[in-house]
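Enquirer: pasting the sequence and the predicted model now:
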Amino acid sequence: MEIKVIKTEEDYNRALSRLEEIFQTPAGTKEGDEAELLSLLIEKYEDEHYPIEAPDPVEAIKFRMEQIGMTKKELAEVIGYRSRVSEILSRKRKLNLKMIRNLHKKLNIPYESLIKEY
């Protein structure tokens, strides 16, 4: 396949099909290099045409809690206020700076997600 910048949906679909064909080829080979280049071009096209926004803070917290099997009681230990957990998860109260820092430090939730408007 001739490698070129992906500009249309047709180009994108063609690149995806080709990548499927050569995905398992070893690195350092001609097809391996082609797969690496196609991956980069596909990623660039997807970033421009199918952006994925970061979740809002509440959704990020809920997602992380689900990932690690955390209870609301355990979240209260991170946030620092047991009475605030329900208010925050129901969007009745906003996170403060101390809560954001603790959530980032203890649950590895990106700051970008925690400071987003909601």
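Expert: Happy to help now that I have it.

Enquirer: do a quick rundown of the helices in this structure.
Expert: Along the chain, counting by DSSP state H, helices occupy 9-22, 30-49, 57-68, 72-79, 84-89, 97-107, 111-114.

Enquirer: nearest to I3, out of these?
Expert: In terms of CB to CB, the element of those nearest to I3 is helix 30-49, at 5.4 Å. For the C-beta atoms, the positions are set from N, CA and C on the backbone; glycine is no exception.

Enquirer: what mean pLDDT does that closest one get?
Expert: Across helix 30-49, the average pLDDT comes to 94.

Enquirer: check which residues of it are buried.
Expert: Of the residues in helix 30-49, those scored as buried under the neighbour-count criterion (16 or more other CB atoms under 10 Å) are E31, E34, A35, L38, L41, I42, Y45.

Enquirer: likewise stretch 53-62?
Expert: Neighbour counts over stretch 53-62 (16+ other CB under 10 Å) mark P55, P57, V58, A60, I61 as buried.

Enquirer: columns distance to E2 on top of the helices of the chain, output as a markdown table?
Expert: Output for the helices of the chain, formatted as a markdown table (distance: least, CB to CB, whole Å):
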| stretch | distance to E2 |
| --- | --- |
| helix 9-22 | 10 |
| helix 30-49 | 10 |
| helix 57-68 | 41 |
| helix 72-79 | 53 |
| helix 84-89 | 52 |
| helix 97-107 | 45 |
| helix 111-114 | 38 |
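
Enquirer: now K98: how far from I79?
Expert: Between K98 and I79 the computed distance is 9 Å (CB to CB, to the nearest Å).

Enquirer: higher neighbour count, these two?
Expert: Shown here are K98 and I79; by other CB atoms under 10 Å, I79 has more neighbours (21 against 11).

Enquirer: next up, the contacts around the more buried one.
Expert: Applying CB atoms under 8 Å, 6 or more residues apart in numbering to I79 gives the contacts V85, I88, M99, N102, L103.

Enquirer: then D11?
Expert: When contacts are counted by CB under 8 Å, 6+ apart, D11 is found next to K4, V5, Y45.

Enquirer: check K72 too.
Expert: Applying CB under 8 Å, 6+ apart, one finds that K72 lies in contact with V85, S86, L89.
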